Structures are given as structure tokens and as C-alpha cells.
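**Q** just coords:
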């Protein structure tokens, strides 16, 4: 019932949640919509949250479940997720300075290429990569968020990296 406290949590996690969804979907509008849905769903289910646990893995699990559901609904059987969007230029969640220096342009191109590569991965592999390298989460956090064992999180990351 303390909305001001929840607003503080939303403020703290809105950017990481948006970025996570963006890197998983490759679509800014989907990231906006799913981030809002994540916070709405978390608010409605807040009474279920175990206050002895950490908040962010619980919130991230809600986020991942919503994003997975969204991706399953959008995925065409013959087309990998996002392949129709690979050639489209979409703004990255990473900020660059206002001037279009050569370095910024190169960085944007690299991010675009990286996004295209990520979107070709299956959802579970993409989640591990995004959580570990973009969100800088520990393997313990990834296991907790994804609802898998620590060993499974390590193996998934290893297989993605060597695969």
C-alpha cells in the first residue's frame, strides 16, 4: 500500500528492465510496452513477494516471463526472431553524445551488428548473454532470475560462448 516506495523501485529498475527487454526483443516499442507491463504486473503481485528475498531477481523473473511470452507469440516458425528487423536502423538503448562523431557512428554500427547477432540466438541463450554482459549480473543472479541451477547457468553461458 506504499505507492511512494514502489515508485522508488520503479525509478531504480526502469532503465535496466527496459534495456533487458530491448536487447531480448530488438524493438524499442516492445521494450517500452513490456517494461510498463512488468512494473504493473509486479505491483499487482507485490503481496506475493517474499520480503526475505531480494527484489530484483523477482522483478527480473516477471520481466523475463513476459518477454518470453511476447517472443513466443511473435515468432514465426520459419523466421528467427527479429530477422525481418535486422536491416532496420533502430536507436540503441546505449546513449552517445549528441554530436555524430566518427567514433559514435562506428559504435552505433557495432551495436546494430551485435543486436542482429543476438536476435538470431534462441531466447534462453540471449537471456544469459544479456544478463551477464549487458546487465553485468553474476552467474548466481542469472540462475536465480532464470529459475535454473547455478550449474545450468554456467553451462548455458559456456555453450553459448563456445557454440
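**A** Looks like it came in fine. From a predicted model like this one, the values you see are computed outputs, not experimental measurements. Numbering: from 1, shown residues only.
**Q** tell me the buried residues in the helix ranked longest in the chain?
**A** What stands out as the longest helix in the chain, according to DSSP state H, is helix 3-25. Within helix 3-25, the residues that qualify as buried are 9-10, 13, 16-25, counting by 16 or more other Cβ atoms under 10 Å. Quick note: C-beta positions are derived from backbone N, CA and C, even for glycine.
**Q** want to throw the residues you listed into a markdown table with distance to residue 48 and pLDDT?
**A** Shown next, in a markdown table, are the buried residues of helix 3-25 (distance: Cβ to Cβ, whole Å; pLDDT from 0 to 100):
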| residue | distance to residue 48 | pLDDT |
| --- | --- | --- |
| 9 | 15 | 89 |
| 10 | 18 | 92 |
| 13 | 17 | 94 |
| 16 | 21 | 93 |
| 17 | 18 | 95 |
| 18 | 23 | 96 |
| 19 | 25 | 92 |
| 20 | 21 | 92 |
| 21 | 22 | 95 |
| 22 | 27 | 92 |
| 23 | 27 | 90 |
| 24 | 24 | 91 |
| 25 | 26 | 91 |
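**Q** ok, so of those, who is nearest residue 156?
**A** Nearest to residue 156, judged by Cβ to Cβ, of the buried residues of helix 3-25 is residue 24 at 14.8 Å.
**Q** if we can go back for a sec, could the buried residues of helix 3-25 go into a markdown table alongside distance to residue 61?
**A** Output for the buried residues of helix 3-25, formatted as a markdown table (distance: Cβ to Cβ, whole Å):
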| residue | distance to residue 61 |
| --- | --- |
| 9 | 15 |
| 10 | 17 |
| 13 | 13 |
| 16 | 14 |
| 17 | 12 |
| 18 | 16 |
| 19 | 17 |
| 20 | 11 |
| 21 | 13 |
| 22 | 18 |
| 23 | 17 |
| 24 | 14 |
| 25 | 17 |
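**Q** helices of the protein, start to end?
**A** Per DSSP H, the chain carries helices over the ranges 3-25, 28-44, 55-74, 102-120, 123-129, 139-146, 150-162.
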